[in-house]
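S.K.: Make a model of this:
(2 chains)
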Amino acid sequence: MTTAPTTPTDEAPGEGEVVLRVTGLKKRFGALEVLKGVDLVVERGEVMCIIGPSGSGKSTVLRCMNHLEEMDGGRVELDGELIGYRMRGQKYVTLPEKVLAQQRTKMGMVFQSFNLFPHMTVLQNIIESPVGVLGQNSKEAKATAMALLGKVGLAEKADRYPRQLSGGQQQRVAIARALAMKPRLMLFDEPTSALDPELVGEVLDVMKDLAREGLTMVVVTHEMGFAREVANWVVFMDGGYIVEQGIPNDLLRNPQMSRTKDFLSKVL
Amino acid sequence: MTTVQEAPPATVPEEIRVKHRTHWGWWVVTAVVLLFAAGIVKTLITNPNMQWDVVASWFFSRSIIFGLLRTLELTVLAMFFGILLGMLAAVMRLSPIPILSSVAWFYTWFFRGTPLLVQIIFWYNLAALFPTIEIGIPFVGPVFWEGNANAIVTPFLASVLALALNEGAYMAEIVRGGIVSVDPGQSEAAAALGMRNSRALRRIIFPQAMRVIVPPTGNQVISMLKSTSLVSVTSMPELLYSAQLVYNRTFQTIPLLVVASIWYLIVTSILMVIQYYIERRYARGGRRELPPTPWQKFKRMIARFSPAPTTTATGRA
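M.R.: Numbers count the residues shown, from 1 in each chain, chains lettered A, B, ... in the order given. Presented below is the predicted three-dimensional model:
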């Protein structure tokens, strides 16, 4: 895989349609302030990679995007819609669970530890939410699921249980499961960190295909090769801040800040 | 250090046979245990005081069978409501609303903390504490319904109430343990897929918790079967009390206790078989392969001992 991605947004940032906007995001775990005001803009068709040392808050940013973590300040908007809260006068009020659940259907999420449902077959895993939450009829959902399984190269595993699959296969199923909801964007939380080295490639290949098709993706990752090859925009975080962001060529080859240089010298 | 692999020898080496060591100690232990077991069985069978003819004559008698049915009825009802109460209390206990979790905690604390026998006697004598029972809103509201406690709380209702409330307290802890055992990543994945909490609990969490909940619940059912004998204090003619009623008349104490015991053993055995199959059902996805049923094990054993014509011979014939 050496072909350069030709996504619709090879244009400069700030020109595309904004899908997700994060403004002044703050998050505290007890006394520890893990996010100290993060601003991000994700454009349609863009692949954004968030990199940084562990504990830098990059996973927390991702988990705040679909409100798996409640935030302590700032806002997240998807297509202009405030996520997790609504405004009442000058105050934010948490949304009822039902509305929040609806908002989450628009963002797919892939976890580091796959989190497939072990008591369901691969196919059942994929159709569970399209049928149960979106109300699709099960025949239609199965057809979509099989198409997605074909796309991630696992059509013949539809009737297996997750524990009968390798880690790489499980993660590909997890990607298919998230895609089955037809999300506006996909969030990947270190999708290859729990995999044996020889299985990383198959998952990254699937993600590259998705990027090429123009899927909007936010990827928290340690895979610098993937970031360099696929990302349109790379964000470097450290200590709860965005230290530096830019197109991969600039940020990865010619970082401006000493903390970025320091980090890259360790991982590249 | 690297070594060059030598080319394999041209001739196939002889098959290496494993001679299992003979464990003489096992045989000695087995012989001694069997000897004593045979001795015990012999004294039980030949002891005239066991009065096996009396056992046989009462085994299918009307009063004993009715007692058995009563015991089964109590077990089923108490377990049914006990499991419902336990699930409710477990979900309440894990609720983020403090008053709900406190109430659930208090419930388990109280009903696990007092003897079941006391609880049964208490419910049986409820009328002494509350002569009338009213249903309404405390302090303010109108009374929707009221009645005489003595008429409402029959021995049967008192027994079911006592057993179910007590069981619910134990089941609450079992169910809570099951729910807590499910990886938190599962609720996160469910939430990220747009499921609401109630749906995630029903479709994702509970089915996985069942694997942890079922084995101790089977234990509880078997224990409940025998706990029902405590309700004899409310003069409910369940299995044990039915046997007691007979031997109070005939003074054939031992044979009738044997009758009751054999029935308890039979029902327990049936319950154990049912439990095995339920556990197997919830093992789906937990292991790579389901454990074999006894029938499958039996078939495999037969297959191993019968000559298999399809297997290819290795080494010498």
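S.K.: what does the stretch 1-150 of chain A put close to chain B?
M.R.: With Cβ under 8 Å from any Cβ of the partner chain as the criterion, the stretch 1-150 of chain A meets chain B at residues A:66, A:68, A:97-98, A:101-102, A:104-105, A:107-109, A:111, A:113, A:115-120, A:128-129, A:132-134. C-beta: built from backbone N, CA, C; applies to glycine.
S.K.: ok, of these, which come out buried?
M.R.: The neighbour-count criterion (16 or more other Cβ atoms under 10 Å in any protein chain shown) marks A:66, A:68, A:101, A:104-105, A:107-109, A:111, A:113, A:115-120, A:128-129, A:132-133 among those as buried.
S.K.: Give the rounded mean pLDDT of stretch B:114-123.
M.R.: Averaged across stretch B:114-123, the pLDDT comes to 93.
S.K.: Now do that stretch: distance to the chain's middle.
M.R.: The chain centre lies 22 Å from the centre of stretch B:114-123; the measure is Cα atoms, centre = their mean, to the nearest Å.
S.K.: coming back round to it: just checking, which of the buried ones among the residues of the stretch 1-150 of chain A next to chain B belong to helices?
M.R.: Judged by DSSP state H, helices contain the following of these: A:101, A:104, A:128-129, A:132.
S.K.: Make CSV out of those residues and add pLDDT.
M.R.: As requested, these are exported to CSV (pLDDT from 0 to 100):
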residue, pLDDT
A:101, 95
A:104, 96
A:128, 96
A:129, 96
A:132, 94
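S.K.: Tabulate these (TSV), appending distance to residue B:75.
M.R.: Shown next, in TSV, are these (distance: Cβ to Cβ, whole Å):
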residue	distance to residue B:75
A:101	40
A:104	44
A:128	36
A:129	39
A:132	35
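S.K.: Out of these, which comes closest to residue A:24?
M.R.: The nearest member of these to residue A:24, counting by Cβ to Cβ, is residue A:104 at 21.8 Å.
S.K.: could you list every residue that touches the closest one?
M.R.: The contact partners of residue A:104, by Cβ atoms under 8 Å, 6 or more residues apart in numbering or on different chains, come to A:66-67, B:191-194.
S.K.: May I ask which of those residues has the most neighbours?
M.R.: If you count neighbours using other Cβ atoms under 10 Å in any protein chain shown, the busiest of those is residue B:193, which has 29 neighbours.
S.K.: ok, now which ones touch it?
M.R.: So residue B:193 contacts A:104-105, A:128-129, A:133, A:177-178, A:181 (Cβ under 8 Å, 6+ apart).
S.K.: so how far is residue A:177 from the residue positioned nearest the centre of chain B?
M.R.: The structure's chain B has its C-alpha centroid closest to residue B:218; by Cα atoms, centre = their mean the separation is 2.0 Å. Between residue B:218 and residue A:177 the computed distance is 33 Å (Cβ to Cβ, to the nearest Å).
S.K.: Ok, residue B:257 next?
M.R.: According to Cβ to Cβ, residue B:257 stands 59 Å off from residue A:177.
S.K.: In terms of neighbours, single out the busier of these two.
M.R.: Each of residue B:257 and residue A:177 has its neighbours counted (other Cβ under 10 Å); residue A:177 has more, 30 against 15.
S.K.: how many neighbours does the closest residue to that one other than its chain neighbours have?
M.R.: In space, and not counting its chain neighbours, residue A:177 is closest to residue A:126: 4.8 Å by Cβ to Cβ, 6 or more residues apart in numbering or on different chains. By the measure other Cβ under 10 Å, the count of residues near residue A:126 is 28.
S.K.: in what helix or strand does residue A:126 lie?
M.R.: Using DSSP states H and E, residue A:126 falls within helix A:122-132.
S.K.: quick revisit: contacts only, for the residue nearest to residue A:177.
M.R.: Neighbours of residue A:126 in contact, by Cβ under 8 Å, 6+ apart: A:141, A:145, A:148-149, A:173, A:176-177, A:180.
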